[in-house]
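K.L.:
Attaching a predicted model along with its sequence, questions to come.
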Amino acid sequence: MKARILIIEDMKEMGELIRLYLEKEGAETELCETAEQGLEAFRQGGFELILLDINLPGIDGFELLQRLRRESDIPVMIVSARDTDEDMILGLGIGADEFVTKPFSPKVLTARVRAMLRRAADQRPPSRSIRFGDFTLDLDGCLLYKGRQRIPLSSREFDVLAFLASQPGRALSPQTIYDQVWKNQYGDVTAVGVYVQRLRRKIEKDPSQPAIIETVHGMGYRFNPEGAVS
């Protein structure tokens, strides 16, 4: 089971038990004890599945799930001691992919996680895509993913990134990028730098020292896919 899984569970013993079984199967996990910590970890990207408890201190699991669904379609499995029909209907209705009640068999939970990951793999972006590090640029859907998390891009941001990523290692002048992307539409060549800065804020670890969309002094910009590898 090669996957990175986020566990959001306020009972540390329970969280560690789930983590133990998943890591025995080869998964990489991160354990958070509050919704706020879980949301922060999720926004760092790279997860393929979230296991979510409902009874959390502060923001509860239902509210967190609603926030997650506004930002991503990452698979979410609720794991909770709350087992009423109303809780299950609510959880599935606001975006959970599965609802598992406590107590549970860790082996059965692991099997369900594996099944969810298989289903998610069948729905991954189509093969006509460009991968760099944790990112996948879906050329057919005009979408950018980091792991399973969708990174919002405007249509122009996507076009600029797709043009750069299609020619890795090549220094491209702002005029070349402008001619190919804007195609004589409104605007001017200075817009290229504006959109490059926007993209850097979304994909670079440190936008002030870009490693993916590099500046080639006196020339323009160069796309370096190796810069996305941590």
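P.N.:
Thanks, I have it. Predicted model, so just to flag it, every value in this text is computed and none were measured.

K.L.:
Contact partners for Asp73?
P.N.:
Arg148, Arg150 (C-beta atoms under 8 Å, 6 or more residues apart in numbering). C-beta: built from backbone N, CA, C; applies to glycine.

K.L.:
Remind me which helix or strand it belongs to.
P.N.:
Per DSSP states H and E: Asp73 is located in neither a helix nor a strand.

K.L.:
ok, now how distant is it from Met88?
P.N.:
20 Å (C-beta to C-beta, to the nearest Å).

K.L.:
cool, Arg201 as well?
P.N.:
39 Å.

K.L.:
what about Arg114, how many neighbours?
P.N.:
Arg114 is flanked by 15 other residues according to other C-beta atoms under 10 Å.

K.L.:
Okay, the spatially closest residue to it that is not a sequence neighbour and Val100: tell me how far apart.
P.N.:
Ranked by C-beta to C-beta, 6 or more residues apart in numbering and with sequence neighbours excluded, the top spatial neighbour of Arg114 is Met1, at 5.7 Å. The gap separating Met1 from Val100 is 17 Å, by C-beta to C-beta.

K.L.:
Equivalent analysis for Val192, please.
P.N.:
49 Å.

K.L.:
Of those two, which one has the most company?
P.N.:
Val192 (22 against 16).

K.L.:
can you pull out the strands in the protein?
P.N.:
All strands of the chain, identified by DSSP state E, fall at 4-8, 28-32, 49-52, 76-80, 98-101, 129-132, 135-138, 143-146, 149-151, 171-172, 213-216, 220-223.

K.L.:
For the fourth one, which helices and strands make contact with it?
P.N.:
In terms of contacts (3 or more C-beta pairs under 8 Å, 6 or more residues apart in numbering; DSSP states H and E), strand 76-80 is packed against strand 49-52, helix 61-71, helix 85-93, strand 98-101, helix 106-122.

K.L.:
Show me how far it is from its chain's centre.
P.N.:
Its chain's C-alpha centre and that of strand 76-80 lie 18 Å apart, by C-alpha atoms, centre = their mean, to the nearest Å.

K.L.:
Mind listing what's buried along it?
P.N.:
Across strand 76-80, burial judged by 16 or more other C-beta atoms under 10 Å covers Val76, Met77, Ile78, Val79, Ser80.

K.L.:
okay, now the domains of this structure?
P.N.:
Residue ranges for the domains of the chain, per automatic domain parsing: 4-122, 129-228.

K.L.:
Now the ones you listed in TSV, please, with extra columns for mean pLDDT.
P.N.:
Listed next are those as TSV, based on pLDDT from 0 to 100:
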stretch	mean pLDDT
domain 4-122	91
domain 129-228	91
